[in-house]
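K.L.:
how would this look folded up:
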Amino acid sequence: MDTNSLENLNYQELSQVEALKSVAAKFMTKVYGWMSFALIITALAAHAVARSEYALNLIFGNSLVFWGLIIAEFALVFILSSRISKMSAGVASLMFVLFSLVNGLTLATIFIVYSTSSIVSTFLITAGTFTALSIYGYVTKKDLSSLGNILFFALIGLIIATIVNIFFSSSTLQWILNYAGVLVFSGLVIYDTNKLKQLAYAVSLEGNNETASTYAIHGALSLYLDFINLFLYLLRILGDRD
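P.N.:
Next up, the predicted model:
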């Protein structure tokens, strides 16, 4: 093979790599776009409920309605997580929007417990922290596969300890759980972003726009949950109670 042929081959390979990077970047843009859209819906729904005495009484004064919403949240997350590969992008997006709306209805309590100024300031702190962590997760060259197992078991431990503390009501344990929650979900932001980066390249190679759109919504759900939980744990630490 002559020099010109090698140069042409290298140019073609570089062009293909750049094309894949471009498609992967578009995939991640969709992920962050859907996540941001869902956060806006959640915030608007929570604020609207908090301003309506009727809505507050309907949701939090009626155990049937409240637990119905909680069950609906878990059901939507389970379906989106387990059936995403069999969904169309339209169905997945509709379910994600519905989940973010329902989640907003149940999160309205934070406007009752905490001052609006502390909610806003904590949200901005969460947004800044999330952005920095997500950027690191995207640009790092480190293999983070082992981090996933560590974070999974840490999350299980956090859930179990939280349930136990419901019965013991230990303020000391609650503070420990708050800081542990910040660490766990900070790690999950890094890990999930890195995992989505790998998925972005895989989807780019497949070249199916419908599949890419569906998995972008699934990725947005993962990062949305990381953001919401990180926000709630930070709010428990930084928030001023009314």
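
K.L.:
can you pull out the low-pLDDT segments for the chain?
P.N.:
1-21, 204-209, 242 (pLDDT under 70).

K.L.:
all helices for it, in order.
P.N.:
Applying DSSP state H to the chain gives helices spanning 3-50, 53-60, 63-82, 89-106, 110-113, 116-139, 145-168, 171-206, 209-238.

K.L.:
and among those helices, the most buried is which?
P.N.:
Across these, averaging neighbours per residue (mean count of other Cβ atoms under 10 Å) puts helix 209-238 on top, at a mean of 21. Bear in mind the C-beta positions are built from the backbone N, C-alpha and C, glycine included.

K.L.:
pull the distance from that helix to the chain's centre.
P.N.:
1 Å (Cα atoms, centre = their mean, to the nearest Å).

K.L.:
cool, stretch 41-52 as well?
P.N.:
Distance, centroid of stretch 41-52 to centroid of chain: 19 Å (Cα atoms, centre = their mean).

K.L.:
residue 55 touches residue 48, doesn't it?
P.N.:
Yes. The pair residue 55 and residue 48 qualifies as a contact (Cβ atoms under 8 Å) at a distance of 7.2 Å.

K.L.:
please report how far residue 77 lies from residue 63.
P.N.:
Look at residue 77 and residue 63: by Cβ to Cβ, to the nearest Å, they are 21 Å apart.

K.L.:
how about residue 179?
P.N.:
Taken as Cβ to Cβ, the span from residue 179 to residue 63 is 32 Å.

K.L.:
over to residue 133?
P.N.:
Residue 133 is 37 Å from residue 63, by Cβ to Cβ.

K.L.:
next one: residue 98
P.N.:
In terms of Cβ to Cβ, residue 98 sits 22 Å off from residue 63.

K.L.:
just residue 36 next, same as before
P.N.:
Following Cβ to Cβ, the distance that separates residue 36 from residue 63 is 33 Å.

K.L.:
what's the closest non-adjacent residue to residue 194?
P.N.:
Once flanking residues are discounted, residue 194 sits nearest to residue 137: 4.4 Å by Cβ to Cβ, 6 or more residues apart in numbering.

K.L.:
test my guess that that neighbour contacts residue 187.
P.N.:
No. Between residue 137 and residue 187 there is no contact under Cβ under 8 Å: 9.5 Å.

K.L.:
what's in contact with stretch 227-242?
P.N.:
If you take Cβ atoms under 8 Å, 6 or more residues apart in numbering as the criterion, stretch 227-242 is touched by 35, 39, 42, 103, 107, 110, 112-115, 117-119, 121-123, 125-126, 129-130, 174-175, 178-179, 181-182, 185-186, 189.

K.L.:
what do you get for stretch 60-76?
P.N.:
With Cβ under 8 Å, 6+ apart, stretch 60-76 has contacts from 58, 59, 95, 98, 99, 102, 103, 105, 106, 108, 109.

K.L.:
now do the contacts for the fourth one.
P.N.:
So the one you mean is residue 98. residue 76.

K.L.:
residue 67 versus that one, what's the distance?
P.N.:
Taking Cβ to Cβ, one finds residue 98 at 17 Å from residue 67.

K.L.:
likewise the first one?
P.N.:
Using Cβ to Cβ, residue 58 is found at 13 Å from residue 67.

K.L.:
quick one, what contacts the residue lying closest to residue 38 once chain neighbours are set aside?
P.N.:
Leaving aside its sequence neighbours, residue 38 sits nearest to residue 100 (Cβ to Cβ, 6+ apart; 3.8 Å). Residue 100 makes contact with 37, 38, 39, 41, 42, 45, 224, according to Cβ under 8 Å, 6+ apart.
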